[in-house]
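# sequence first, predicted coordinates after that:
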Amino acid sequence: PDTVDPVTNIAQFQSCGLTTTTQTTECFAIADEYICQTDCDEGNDQDALSSINPVTGATTDISTGRIQYDTNGDGTPDDPAVYTDHIETAVWSLDGNDLYVADRDNSKGTATDLFGTLDTTTALFTPIGSVTPAGGGDGALEGSLGSFTTADIDGMAFDPVSETLYAIHRREGSASQNDLMLQIDPVTGRHVEDAFGSGVDYVVIDTVASLSVGDVDDIAFDPGCGILYGTANVSTSGGYDDHLITINPADGSLTVVGEIFYDNNGNGVYEAGVDDQLNDVEGLSFAGDGILYANTADGDRDTGGLDGDTDGTGNPESLWTINPATGEATLIGSLTPSGTDYGDYESLACKGGSFEPIAPTDSNEVFTAVKAFIGDTVFIDTDGDGVQDTGEPGLAGVTIELQDGICTTGIDCPTVVTDENGFY
């Protein structure tokens, strides 16, 4: 055209920034290694439940510490006692009333995960149902890589908008195998069939292409803007050099935010050779106030440094907060159990706290001299100034609708979806 007309982008997006906390945050963690030291009749490797002080990282054992089965849900442990031994993820229901976990059921011949609830006052686990049927066959996970019987649920998170429960299945046996993402029905404990299309029960999270190794250890939805975050390590030896990623729940595609790092020089940006990357980030959880918590773990308790052993105690298991925009980690404190029998905290679940989101802002006017093309960027406007500043990431997967006052919204208005950088 002969003239350049300004076109104002009228789309507004709620920022993930938070301004007010009005409730107390509660955190719980599960260690998957019980080290028998005194009474060894019941063996090792049982799970242990602890409450975590989100201010100091101090832990308190729940009940006897060890998690026991309460199969019929009557509030009393099974007799004879049966203990969980492979819980690696935990997530609160959206109303904060139920803590959901998954334990590997080794009694089924071919191990399959049992989904259920965990009582945070008694440490009793009540199974709801198997995520997939024992031994595979009808009801197994189906998708592009074939059929799977779920054997290792490593992460779970509720979408705060759709209320869908997403889960990560860890494909064990090779660092070059990508993990899978599925959906679980919390009423039945069963995976949701055709969750991603006809005959598609799971999607592949291709961390191998992005980070060279397939291992997503946990996931968490930001309660303010619904972005799904994950932690993935990039070491073939397991659990080292963790990265923060975002995952598109619709298809499993991912974007690497960056290294999860301890900022040694305080400039807020990761610098190789200067800052330390965190190792073995196993738990990831947003509280209701939008703070992202994480825990590092190590069952052997013999590696320090990047795992969090900043006080020289030899205990690498620590509680952190993570900046979702940059991956910068802030140490809260060591996870020091009240007893000495527990190690390797594999899961973290926090709840409580509320927030007031920063008010959405109009983007700047877009000037275009190209006929039939309008473009801009959708981004998280943390400071609410209407300008994309350093550290304010673009948002992928947002649908933009061009309204001209004539078309019907959602039917015949032209739309476009932002790319991985938030561009359209």
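That came in fine, so what should we check first?

# hey, let's count contacts and neighbours off CA atoms from now on
Noted.

# and residue 347, how far from residue 254?
According to CA to CA, to the nearest Å, residue 347 stands 22 Å off from residue 254.

# show me which of the two is the more surrounded one.
Neighbour count, other CA atoms under 10 Å: between residue 347 and residue 254, residue 347 has more, with 31 against 21.

# I'd assumed residue 286 was in contact with residue 222.
Yes: at 6.3 Å, residue 222 counts as touching residue 286 under the criterion of CA atoms under 8 Å.

# more neighbours: which of those two?
Taking neighbours as other CA under 10 Å, residue 222 and residue 286 compare with residue 286 leading, 28 against 23.

# now that one. Nearest residue, chain neighbours left out?
Spatial nearest neighbour of residue 286, chain neighbours left out: residue 292 (4.4 Å); criterion: CA to CA, 6 or more residues apart in numbering.

# gap between the one you found and residue 285?
Relative to residue 285, residue 292 is positioned 6 Å away (CA to CA).

# give me the more crowded residue out of those two.
residue 285 (31 against 21).

# who is the more buried one paired with across the strands?
residue 293 (DSSP bridges).

# and it, what's its pLDDT?
For residue 285, the pLDDT comes out at 96.

# ok, it to residue 347 distance?
Taken as CA to CA, the span from residue 285 to residue 347 is 9 Å.

# circling back to that earlier point, in this structure the residue nearest to residue 286 contacts residue 324, no?
Yes: assessed by CA under 8 Å, residue 292 is found in contact with residue 324 at 7.2 Å.

# which residues do these two both contact?
When contacts are counted by CA atoms under 8 Å, 6 or more residues apart in numbering, residue 292 and residue 324 have no shared neighbour.

# quick one: the helices in the protein?
With DSSP state H as the criterion, the chain has helices at 207-211.

# contacts only, for the residue nearest the centre of the chain.
Nearest residue to the geometric centre of the chain (CA atoms, centre = their mean): residue 219, 1.5 Å. Residue 219 makes contact with 155-157, 167-168, 228-231, 284-285, according to CA under 8 Å, 6+ apart.

# please name the bridge partners of it.
Here residue 219, judged by DSSP bridges, has bridge partners residue 230.

# so what pLDDT did it get?
Turning to residue 219, the model gives it a pLDDT of 97.

# again, but for residue 400
So, for residue 400, pLDDT stands at 79.

# any buried residues in stretch 180-189, and which?
Residues 180-186, 189 are the ones in stretch 180-189 that count as buried (16 or more other CA atoms under 10 Å).

# end-to-end on it?
For stretch 180-189, the first-to-last residue distance is 17 Å (CA to CA).

# ok, residues contacting it?
114-116, 128-131, 164-171, 190-192, 195, 201-205, 252.

# switch the cut-off to 6 Å
For stretch 180-189, contacts defined as CA atoms under 6 Å, 6 or more residues apart in numbering pick out 115, 128-131, 165-169, 190-192, 202-205.

# again with stretch 88-95
In contact with stretch 88-95 (CA under 6 Å, 6+ apart) are residues 98-101, 154-155, 346-347, 349.

# let's see 7 Å
Identification of contacts with stretch 88-95 by CA atoms under 7 Å, 6 or more residues apart in numbering yields 98-102, 153-158, 160, 346-349, 351.

# contacting residues for residue 103?
84-87, 113-115.

# what does residue 258 give?
Contacts of residue 258 by CA under 7 Å, 6+ apart are 243-244, 326-327.

# neighbour count and distance to residue 56 for these - can I get that in CSV?
What follows is the contacts of residue 258, written out as CSV (neighbours: other CA atoms under 10 Å; distance: CA to CA, whole Å):
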residue, neighbour count, distance to residue 56
243, 23, 24
244, 26, 23
326, 19, 23
327, 26, 21
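
# rebuild those residues as CSV, extending it with pLDDT and distance to residue 48.
Formatted as CSV, the contacts of residue 258 follow (pLDDT from 0 to 100; distance: CA to CA, whole Å):
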residue, pLDDT, distance to residue 48
243, 92, 27
244, 95, 27
326, 92, 32
327, 93, 29
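
# okay, now the unreliable bits of the stretch 1-150 of the chain?
1-24, 33-45, 106-111, 134-138 (pLDDT under 70).

# and residue 165, what pLDDT?
The score at residue 165 is 98. That number is its pLDDT.

# confidence score at the closest residue to it other than its chain neighbours?
The spatially closest residue to residue 165, leaving aside those adjacent along the chain, is residue 158, at 4.4 Å (CA to CA, 6+ apart). We have a pLDDT of 96 for residue 158.

# go on, residue 253?
For residue 253, the model assigns a pLDDT of 94.

# I'd say it and residue 203 touch.
No: the pair residue 253 / residue 203 is not scored as a contact, 8.7 Å apart, by CA atoms under 7 Å.

# neighbour-wise, which of those two wins?
More crowded of residue 253 and residue 203, by other CA under 10 Å: residue 203, with 23 against 15.

# for that one, which residues make a bridge with it?
Counting by DSSP bridges, residue 203 is bridged to residue 181.

# ok, now which ones touch it?
Contacts for residue 203 (CA under 7 Å, 6+ apart) come out as 180-182, 251-252.

# now do 8 Å
Contacts for residue 203 (CA under 8 Å, 6+ apart) come out as 143-144, 180-182, 196, 251-252.

# okay if I get the residues you listed as JSON lines plus distance to residue 26?
JSON lines is the format used below for the contacts of residue 203 (distance: CA to CA, whole Å):
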{"residue": "143", "distance to residue 26": "37"}
{"residue": "144", "distance to residue 26": "39"}
{"residue": "180", "distance to residue 26": "29"}
{"residue": "181", "distance to residue 26": "27"}
{"residue": "182", "distance to residue 26": "27"}
{"residue": "196", "distance to residue 26": "33"}
{"residue": "251", "distance to residue 26": "32"}
{"residue": "252", "distance to residue 26": "30"}
